[in-house]
Structures are given as C-alpha cells and as structure tokens.
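**Student:** here is a sequence together with a model predicted from it:
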Amino acid sequence: MATLRTPPAMAPVPGEALLRVEEAPPLLVAADVHVGLGSWEPRAPRPYAATGSGLAERLIAVASREGVSRLLLLGDVKDPIGRVPWWLRDELGSFFADLTGAGLDVEVVLGNHDAELAERMPRGVRVRGAEGLLRRQVGYFHGHAWPSDRLLRGAHTLVMGHLHPGYRLALPREAGGSGKERCWVRTLFPPPSPSELARSRRHPFPRAREAIVLPAFNPLCANEALNRSAPARGHRFMVRRFLARGRSRAFLLDGTDVGELPWGPSPGFGDQDAEARPLNPGSPPRGAGPARRRSG
Ligand SMILES: [Fe+2]
C-alpha cells in the first residue's frame, strides 16, 4: 500500500484563479482555461482577456511575478467540447507558443473538453490523460472521470478543476453587490474506515485527506453557485464520488472564507482542523500584501 506523507505546501495566488505548489522548482496550476470559449463563430467579438492571447498573457504575467517557470493546465484547455474547429487551430497554437516562448515548461492533463488536443499539442508540451498525474503525494486530475488507481491510493491531496465553482453573494450586482463570484473549494476528508478500504469496488477507495478544486481560469466561464443550487449534472460525479464524503468550504479569490458548502456528512468531523488550516490563512484584502503560502 502506498504510504501517505506530507505533500508540498500549496496556496492560491491571491486574486488569481491559480494555485502555487511549492515543488522544487515551484509549479503554477490553472484549470478550465477554455481557450476558444465564445469563439463559436470565427472572429466573434470577445473580451481580450478571454482570447488565447489574453489568457496566455495573464498566465505569463503571474508566472513572472511569482518567479515560477512551470505550468500545469488541469483540463479543459480548449473550447468547444468536440474536435478542434478550424477557426480555433491558430489561436490554440499561438496560446501554447506564447507560453513556451516565454520560457514556461508546460504540462497538460486532459479534461472532458480536450478531444483531439493531444494530437495538436506542440513539441515540448507533455500531455497526460484523464487518469491524471501523481507527484509528491498530490494527485492532479480534471475531475470528470476516475483518475488512475495509483493516484487514488497514493494521493494525500487531490487537486481538481471541472466544477467551475462559484458562490452567490447576498447582494445582486444591481444592488451594489458583486453577484456570483468564482471561488475555491477545499474539502477535508475523514480517514477511510477499515470497512471502506475492504469494500470491493471497481476503483480503489481514495486515501486522500483533502481536496482542492480550482476556480475556472477563463473569466467568461459560467460558474455554478454552489451555495444556492445542487451541482449540475455534469459535475455530480465529482461531488458524489469525492467531495461529498468530506466537508467543504468555499473561499473567494481574495481569500475570504465564505463558509461551508451544503453537501457532505453531518457536522462532527474536521471542525477544528478546518478552522486551524484555512485554505488561505490570514488573508489581507485583495492587493494588500504579498503572496501567502500555506505551510502544511
Ligand atoms: Fe470546464
């Protein structure tokens, strides 16, 4: 059986939908970049920030600011969901060329939107399938399908995308509020019981003690209001198979803890642990301080 040890420290980059992992050298993780979203007609108008050039520019800028040269794209790199349409080929090629041209070492884990992506990947970009990637007790996978048995057995921390998590705030935009915002989800799991581990299943029981779900990186992505409605059909697999077993909290991009999400077991597990180890501890207001790192 794989031994679970302490994974590397990791924390969101303040104000960004990006996770920094303190590997050596450090790694930036982005999920649901959806290059091409909104381009269903050629030359359809889109905000620059949501174009391939704008998305690459943002990734490069944050990587430079953070002093990070490694980037992991955690699924749904492109849009639409099927094959790569002719009008997207140049934009997708330029997106990767911009990243690698800026000196970033890029790795991709495929998501449910990434049909045909592997065949179109430029040289030098490593591609992993939906089975994900296990590195230093962290299991990275998109979240739409089961990851590998090795990942399920060996990961202390699961890092996923796919959910497009959002949080509906009390005040709508018309009333001066910010409406629905992208958020992070952090879930803490109880240790698996002997009966759970012994149960005969098609897939090994996940040994992970926590999961982190990234917000969608593309600002045009629709986000689910997880505090208001049940997860959409395409996201239920991830919630039922992974997140619902633990207790989940949502955090806005500035680090604000907006509370527990309405799924999971009854209270009793993990209260103290969750309070002692928030996703983004001691968060100052956006832009008010340097990047913060979770220490353990
Ligand atoms: Fe997505």
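**Tutor:** Structure received. Numbering: from 1, shown residues only.

**Student:** quick one: the most centrally placed residue in the chain from the ion, how far?
**Tutor:** Centroid-nearest residue in the chain: Leu214, 2.7 Å away (criterion: Cα atoms, centre = their mean). Using Cβ to the ion, to the nearest Å, we find Leu214 at a distance of 10 Å from the ion. In this view, the C-beta of every residue, glycine as well, is placed from N, C-alpha and C.

**Student:** that residue reaches Asp32, doesn't it?
**Tutor:** Yes - applying Cβ atoms under 8 Å, one finds Leu214 in contact with Asp32, separated by 7.4 Å.

**Student:** any shared contact partners between these two?
**Tutor:** Common neighbours of Leu214 and Asp32, counting by Cβ atoms under 8 Å, 6 or more residues apart in numbering, are Leu74, Gly161.

**Student:** so where's the protein uncertain?
**Tutor:** For the chain, residues meeting the criterion pLDDT under 70 lie at 1-6, 40-44, 171-178, 200, 264-296.

**Student:** for the residue nearest to the centre of the chain, which non-adjacent residue is closest in space?
**Tutor:** Ala31 (4.0 Å; Cβ to Cβ, 6 or more residues apart in numbering).

**Student:** the one you found: what's it in contact with?
**Tutor:** Taking Cβ under 8 Å, 6+ apart, one finds 17, 73-76, 111, 142, 160-162, 214-217 in contact with Ala31.

**Student:** make a ChimeraX selection of the buried ones in the residues you listed.
**Tutor:** In ChimeraX syntax, the buried subset of these is picked out as below (16 or more other Cβ atoms under 10 Å):
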select :17,73,74,75,76,111,142,160,161,162,214,215,216,217
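
**Student:** which one of the contacts of Ala31 is nearest the ion?
**Tutor:** Asp76 (3.5 Å; Cβ to the ion).

**Student:** correct me, but Leu74 touches Tyr140?
**Tutor:** Yes - with contact defined as Cβ under 8 Å, Leu74 counts as touching Tyr140 (5.9 Å).

**Student:** mutual contacts of those two, please.
**Tutor:** By Cβ under 8 Å, 6+ apart, the residues touching both Leu74 and Tyr140 are Val29, Val109, Val159, Met160.

**Student:** among the residues you listed, name the buried ones.
**Tutor:** Counted by 16+ other Cβ under 10 Å, those give Val29, Val109, Val159, Met160 as buried.

**Student:** contacts only, for the nearest residue to Asp32 once chain neighbours are set aside.
**Tutor:** With Cβ to Cβ, 6+ apart as the measure, Ala216 is the residue that lies nearest to Asp32, at 3.7 Å, once sequence neighbours are left out. By Cβ under 8 Å, 6+ apart, the contact set of Ala216 is Ala17, Ala31, Asp32, His34, Asp76, Gly161, His164, Arg182, Asn223.

**Student:** and for Val84?
**Tutor:** Contacts of Val84 (Cβ under 8 Å, 6+ apart): Lys78, Leu92, Ala115, Glu116, Leu117, Arg120.

**Student:** same question for the helix or strand hosting Gly54: list its buried residues.
**Tutor:** Element membership of Gly54, judged by DSSP states H and E, is helix 52-66. Within helix 52-66, the residues that qualify as buried are Gly52, Gly54, Leu55, Ala56, Glu57, Arg58, Leu59, Ile60, Val62, Ala63, counting by 16+ other Cβ under 10 Å.

**Student:** ok, of the residues you listed, which one's closest to the ion?
**Tutor:** Leu55 (13.3 Å).

**Student:** send the alpha carbons of stretch 234-241 over as CSV?
**Tutor:** What follows is stretch 234-241, C-alpha atoms only, in CSV (Å, rounded to 0.1, in the frame of the first residue of the first chain):
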residue,chain,number,x,y,z
GLY,A,234,-22.0,17.0,-15.5
HIS,A,235,-20.5,17.8,-12.1
ARG,A,236,-22.3,15.3,-9.9
PHE,A,237,-19.8,12.5,-10.5
MET,A,238,-17.1,14.6,-8.9
VAL,A,239,-19.2,15.8,-6.0
ARG,A,240,-20.7,12.3,-5.2
ARG,A,241,-17.6,10.3,-5.7
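
**Student:** right, is it up against the ion?
**Tutor:** No - judged by Cβ under 5 Å from the ion, stretch 234-241 stays clear of the ion, getting no closer than 9.0 Å.

**Student:** what does that stretch rub up against?
**Tutor:** Residues contacting stretch 234-241 (Cβ under 8 Å, 6+ apart): 112, 143-146, 160, 162-164, 224, 230-231, 263.

**Student:** tell me how far that stretch lies from the chain's centre.
**Tutor:** Centre-to-centre, stretch 234-241 and its host chain are 15 Å apart (Cα atoms, centre = their mean, to the nearest Å).

**Student:** could you do stretch 73-86 as well?
**Tutor:** The answer for stretch 73-86 is 16 Å, by Cα atoms, centre = their mean.
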